[in-house]
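**Student:** Fold the following for me, if possible:
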Amino acid sequence: MKVSKLAANLIGSEIVKIGNEVNDLKAKGAEIANLTIGDLNSNLYPIPAELKEEIQKAYQNNLTNYPPANGLLSLRNEVSKDLKTRWNLDYSANDILITAGSRPLIYAVYKVIVDEGDKVIYPTPSWNNNHYAYLTSADAVEVKTTPENNFLPTADDLRPHLSGVVLLALCSPLNPTGTMFTEAQLREICEMILEENSKRGTDEKPLYLMYDQIYSNLTFGAKHVDPVSLFPEMREFTIYIEGISKCLAATGVRVGWGFGPSNVIDKMKALLTHVGAWAPKPEQEATAKYFQNADNVNSFINDFKGKLEASLKVLHNGIQDLKAKGLAVESIEPMGALYLTIKLDYIGKTKPDGTIIENSSDLVFYLINEAGVALVPFSAFGEAKSEPWFRASVGGLDITEIEVMMPKLENALNNLK
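**Tutor:** Just a heads-up that it's a prediction; the model follows:
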């Protein structure tokens, strides 16, 4: 039976494929250290107790009808205050749009800016931009990044491709790498955007920047930087993506927000009225009340990110220990989020059964079966399958589980010849 051309050519998620393999093996009793999910084990990392209480109160008070399509005013006011306090960003409640997590926002940014055939530019590796570009029939311009720059694009990487581009999609801290822009790196990119827009006529679309900072509160030592704080002139070109999914361990609570220039945000609001992508009213009400106590919010975030950093350090140090033993591995010191970038340079090696590890997916499934370790290859984020780089998420494991898995990983890699 025929379906639309768009549906017929959708690409399935490689992460889901790996996850299905992990779940099948677990169902058969296998012990798998699952480092694939960009999610959190809610038993290890529950949401703030006060937030949970407020959600329960909201349901008990029967706040179960439709929320306003752009979000509860009480929540938009609290977000506005938080942006001012936390980042010194001045956005009114009318310039803030609440949705069910960040995905509807990202989709809406693409849909209200990009026409069929318009150029969209984004780095690889990055999360899901290839799929959003496909869904909007964009002409995707993928810019390959390097480990020397922590897999973040530089202005020099991007500049040759800017002609006709209407949207640049960036994320910091970055999923999948856990690395983040320095002030100098982001400053050069913003200067480039401003220079490009100064050349465009009034009948041309400007070059917009979508800046996904959903992990901005989960940084380790390094300071998070954002475009408008560096250049107030970037305000008319920058659409931010944020929310509670990561910083409050609330991935399933589904409260996100976007903010930016009124002409774009208003169109995003209009689009999403037809999609119904609002966050549930009780969760919005609870988040608004929880954010009234900034000390509670900051206390939770600091404790939570400290635990993530500790787990990431154990994993990073474990990989560095394997490197010191002579294994062909590397890792980039984590800067933020819940991810570690790992290099396992074993593509082309021979497994004990005599078959060849032909690509990164082969190595993933070998390690699942032989080491009980599940990683996501960078091919799931737009890179070639010949690249030996992988994302490891610590959100689903405690430190002990990470420590237990390291000898198993070492043994499996040593069995490749």
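**Student:** Once you drop chain neighbours, what's closest to residue 127?
**Tutor:** residue 175 (4.4 Å; CB to CB, 6 or more residues apart in numbering). In this view, the C-beta of every residue, glycine as well, is placed from N, C-alpha and C.
**Student:** what about the strand or helix carrying residue 98, distance to the chain center?
**Tutor:** Using DSSP states H and E, the element containing residue 98 is strand 96-99. The chain centroid and the centroid of strand 96-99 are separated by 18 Å under CA atoms, centre = their mean, to the nearest Å.
**Student:** now stretch 256-268
**Tutor:** That offset, for stretch 256-268, works out to 19 Å (CA atoms, centre = their mean).
**Student:** For it, which outside residues touch it?
**Tutor:** 71, 76, 79, 83, 89, 91, 94-105, 108-109, 112-113, 208, 214, 235-245, 279 (CB atoms under 8 Å, 6 or more residues apart in numbering).
**Student:** I'd like to know which of the residues you listed are part of helices.
**Tutor:** The members of those that map onto helices under DSSP state H are 76, 79, 83, 103, 104, 105, 108, 109, 112, 113.
**Student:** Just put the residues you listed in a markdown table and tack on distance to residue 182.
**Tutor:** Formatted as a markdown table, the ones in helices among the contacts of stretch 256-268 follow (distance: CB to CB, whole Å):
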| residue | distance to residue 182 |
| --- | --- |
| 76 | 31 |
| 79 | 26 |
| 83 | 22 |
| 103 | 28 |
| 104 | 30 |
| 105 | 25 |
| 108 | 29 |
| 109 | 25 |
| 112 | 30 |
| 113 | 27 |
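**Student:** Helix, strand, or coil at the residue nearest to residue 127?
**Tutor:** Judged by DSSP: H, G, I helix; E, B strand; the rest coil, the three-state class of residue 175 is coil.
**Student:** quick one: it and residue 15 touch, right?
**Tutor:** No. Residue 175 is not in contact with residue 15 according to CB atoms under 8 Å; the separation is 11.1 Å.
**Student:** residue contacts, residue 290?
**Tutor:** Contacts of residue 290 (CB under 8 Å, 6+ apart): 48, 50, 51, 54, 296, 297.
**Student:** ok, which pair from those residues is furthest apart?
**Tutor:** Using CB to CB, these reach their maximum pairwise distance at 54 and 297, which is 12.4 Å.
**Student:** more neighbours, these two?
**Tutor:** Set side by side, residue 54 and residue 297 show more neighbours around residue 297, with 23 against 19, by other CB atoms under 10 Å.
**Student:** how far out from the middle of the chain is the host helix or strand of that one?
**Tutor:** Per DSSP H and E: residue 297 is located in helix 294-324. Mean-position distance between helix 294-324 and its chain equals 17 Å (CA atoms, centre = their mean).
**Student:** Keeping just the C-alphas, turn the strand or helix carrying residue 361 into PDB.
**Tutor:** Assigned by DSSP H and E, residue 361 falls within helix 360-371. The C-alpha trace of helix 360-371 is given here as PDB (Å, rounded to 0.1, in the frame of the first residue of the first chain):
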ATOM      1  CA  SER A 360      31.200   1.200  13.400                       C
ATOM      2  CA  SER A 361      27.800  -0.600  13.600                       C
ATOM      3  CA  ASP A 362      29.600  -3.900  13.500                       C
ATOM      4  CA  LEU A 363      31.700  -2.900  16.400                       C
ATOM      5  CA  VAL A 364      28.700  -1.700  18.400                       C
ATOM      6  CA  PHE A 365      26.900  -5.100  18.000                       C
ATOM      7  CA  TYR A 366      30.200  -7.000  18.700                       C
ATOM      8  CA  LEU A 367      30.600  -5.100  22.000                       C
ATOM      9  CA  ILE A 368      27.000  -5.600  23.000                       C
ATOM     10  CA  ASN A 369      27.300  -9.400  22.600                       C
ATOM     11  CA  GLU A 370      30.900  -9.900  23.800                       C
ATOM     12  CA  ALA A 371      31.300  -7.200  26.400                       C
END
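**Student:** packing partners for the next helix or strand after that helix?
**Tutor:** Past helix 360-371, further along toward the C-terminus, the next helix or strand under DSSP H and E is strand 373-374. With contacts taken as 3 or more CB pairs under 8 Å, 6 or more residues apart in numbering; DSSP states H and E, strand 373-374 sits against helix 14-27, strand 33-34, helix 360-371, helix 399-414.
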